[in-house]
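Student: Sequence first, predicted model second:
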Amino acid sequence: MNREIIFIDLGLMDYKEAWDYQQNLFDEIVEIKKQNRKNNTDLKTPNYFLFVEHPHVYTLGKSGDQSNLLIDKSQLKNKKASFYKINRGGDITYHGPGQIVGYPILDLENFFTDIHKYLRFLEESVIMTLDNFGIQAERNDGKTGVWLDVNTPFPKKICAMGVRASRWVTMHGFALNVNVELDYFNNIIPCGLTDNIVTSMNNELNKSEINIDEVKVVLKNSFSSTFDSKFI
């Protein structure tokens, strides 16, 4: 059981390029697990955790409805945004500058084999991070992600999640809105929920900008604590 996690900050990277990057890491872990089963060996599987910011992009999960994208190809081009159908769970979401996108590529057999627990641990890592900055966040029953003002008529989503797991290896992950341009969410029905209101850390704290590097440090520590792991 290996609870060390290799951390990589990819900076600003095109969505497809980052998708290919994490797919290669995912395939590496799966191949080791296949060889272990085939050869009756016990080679250690690595774990990875990626941070990245993407240029403006909309992504649609495998069970999503493309009608939740409210603009056409020409409008996408005008907004300098791209669009991808991808193999994670969930519906449509937006990624852009000022957002911390986290891609944990973990062999869950190094931790626990429970995908629902995994999602709750991701949520907990973000909730702990936001609490550190004075933002009280929580879960919203029946809806994945991290939310504010859940027990009001207008709950607000501050972190979206969508993952894929195969052979207990994960990819994709979460997107925490730090300084993101919220107007871009007006072009979709976020996660297919018509009553979704999306917010960000700087919006909630009434600041023009939050130091995103500080958020990354806290988020890494929260993730490490929640998953009882060590970054290398």
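Tutor: Nice, I can see it.

Student: if I pick the nearest residue to F231 once chain neighbours are set aside, what's in contact with it?
Tutor: Counting by C-beta to C-beta, 6 or more residues apart in numbering, F231 lies nearest to F7, which is 4.5 Å off, once chain neighbours are set aside. The way it works is simple: take the backbone N, C-alpha and C, and place the C-beta from them, glycine included. If you count contacts by C-beta atoms under 8 Å, 6 or more residues apart in numbering, F7 has them with 48-51, 220, 231-232.

Student: Including distance to S125 and secondary structure, could those residues go into JSON lines?
Tutor: Formatted as JSON lines, these follow (distance: C-beta to C-beta, whole Å; DSSP: H, G, I helix; E, B strand; the rest coil):
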{"residue": "Y48", "distance to S125": "16", "secondary structure": "strand"}
{"residue": "F49", "distance to S125": "10", "secondary structure": "strand"}
{"residue": "L50", "distance to S125": "14", "secondary structure": "strand"}
{"residue": "F51", "distance to S125": "13", "secondary structure": "strand"}
{"residue": "K220", "distance to S125": "9", "secondary structure": "helix"}
{"residue": "F231", "distance to S125": "13", "secondary structure": "strand"}
{"residue": "I232", "distance to S125": "18", "secondary structure": "coil"}
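
Student: Can you tell me the element D228 falls in?
Tutor: D228 belongs to no helix or strand when assigned by DSSP states H and E.

Student: center of the chain - which residue?
Tutor: The chain has F174 as the residue nearest its centroid, 1.2 Å off, counting by C-alpha atoms, centre = their mean.

Student: tell me the secondary structure for that residue?
Tutor: strand (DSSP: H, G, I helix; E, B strand; the rest coil).
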